[in-house]
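[1] Below is the sequence, then the predicted model.
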Amino acid sequence: MTRRHAPISSGDPGRIRVAALTTGKLHEFDDEAALKSLPGLLERADTTLWVDLVDPSPGQVEAVGGVLGLHPLIVEDVLEGNQRAKIETTDGVVHLVLFALTHGKRFVASEIDLVLGLGFLLTVHDGSWDPRAIKHLQSNLGPVLGHGPDHLLWAICDDIVDGYFPFADDLGDAIDSVQDRVIAKATPEVLDDLFALKRELIEVRRAAGPTREVFNQLTNRDLPLIDEAELVYFRDVYDHVIRLTDELDNYRELASSTLDVYLTQINNNLSVIMKRLTGVTVILAGIGAIAGIFGMSEAHIEAGNFWYVTTAILLLAASAAVFLRRIDWI
């Protein structure tokens, strides 16, 4: 899995998108117009704001953070990136870090910063993830914003967590496939695939696992910015996270047991090879022992009886081979 640690662009400025719901009307602004509109929109108590930064530069993050009145530590965390999934409350503002999973040739975990303040939600991410494409926002942004920024936070978190399940299912299918291959034939290629699968599983667990504590705190803390009526939505997400982490733990145990099965198969194969070699050794040693007796200088055999002795030796060897075959030693 590849992890995109920081959504901050060190090059060209990124995109700033502002969506504001004022008295039931939705207004959207981009880039410079978005920055100019923010101070006036924040002064209105009847406005719900969503500020979305896509691949922003450090200057854009600092500018938006200054307008929103964010604590310098929050701005610093957003700029630094390379976080683990977490939740922190600073000056009454809630800062969450989550990871969205996308799939190409490898799993990619993209860091997403979400900052919930009074009347606004700030999201910071790279261009690989588009919050406007999530299921709750595809049709119309207005109804979600109409329930407040905490409901918008739930909509985004719910989609992120739901996005983990296809990856967990893929890992489960991959483990089943590797297990079948191990049982069929334990080869070094299968072992390489198994270790690659275990690495992927660890990365997915690392991205998704800490979210359990995040939503545990969201549902158990008394956070003024989250309406009591919204807690039931966050509890639903928390239930999904519990189920997800349990599945990932089960898959980790399956991967470990698959490695044990692989090692057992290797040992069994070695035992079979040793039995085969022992059986062949018994036959050849018997032939050599009898032939050695008649090859000693003290032993004499008439020329006519040579073929009788040879035939007897071959019959005994064949009988031994049949017997060893019946007990599956050759």
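    Looks like it arrived, so ask away.
[2] For stretch 233-245, the averaged confidence score.
    Mean per-residue pLDDT for stretch 233-245: 93.
[3] Dump the C-alpha coordinates for that stretch into CSV.
    Output of stretch 233-245 as CSV, limited to C-alpha atoms (Å, rounded to 0.1, in the frame of the first residue of the first chain):
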residue,chain,number,x,y,z
TYR,A,233,-25.5,8.9,13.0
PHE,A,234,-21.9,8.8,14.4
ARG,A,235,-22.8,5.7,16.5
ASP,A,236,-23.8,4.0,13.3
VAL,A,237,-20.4,4.7,11.8
TYR,A,238,-18.8,3.5,15.0
ASP,A,239,-20.7,0.2,14.7
HIS,A,240,-19.3,-0.1,11.1
VAL,A,241,-15.8,0.5,12.3
ILE,A,242,-16.1,-2.1,15.0
ARG,A,243,-17.3,-4.7,12.4
LEU,A,244,-14.5,-3.7,10.1
THR,A,245,-11.7,-4.0,12.7
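[4] out of everything not next to it in sequence, what's closest to Val97?
    Of all residues not flanking Val97 in the chain, Gln83 sits nearest, at 4.4 Å (C-beta to C-beta, 6 or more residues apart in numbering). The way it works is simple: take the backbone N, C-alpha and C, and place the C-beta from them, glycine included.
[5] Name the SS class of the one you found, please.
    Classification of Gln83 using DSSP: H, G, I helix; E, B strand; the rest coil returns coil.
[6] My guess is it contacts Leu96. True?
    No - the pair Gln83 / Leu96 is not scored as a contact, 10.0 Å apart, by C-beta atoms under 8 Å.
[7] intersection of neighbour lists for the two?
    Common neighbours of Gln83 and Leu96 are listed as Asp113 (criterion: C-beta atoms under 8 Å, 6 or more residues apart in numbering).
[8] between those two, which one's more packed in?
    Neighbour tally, Gln83 and Leu96, criterion other C-beta atoms under 10 Å: the higher count belongs to Leu96, 23 against 19.
[9] Is the more buried one in contact with Thr90, as I believe?
    No - assessed by C-beta under 8 Å, Leu96 is found out of contact with Thr90, at 11.9 Å.
[10] May I have the secondary structure class of the spatially most central residue of the chain?
    The centroid of the chain falls nearest to Val204 when counting by C-alpha atoms, centre = their mean (2.1 Å). What three-state DSSP gives for Val204 is helix.
[11] Which residue, other than its chain neighbours, is closest to it?
    Per C-beta to C-beta, 6+ apart, closest to Val204 is Phe167, 5.7 Å.
[12] Ok, Thr102 next?
    Leaving out its chain neighbours, the residue that sits closest to Thr102 by C-beta to C-beta, 6+ apart is Val108, at 4.8 Å.
[13] a strand runs through the one you found, doesn't it?
    Yes - assessed by three-state DSSP, Val108 belongs to a strand.
[14] what bridges to it?
    As for beta bridges, Val108 partners with Thr2, Thr102 under DSSP bridges.
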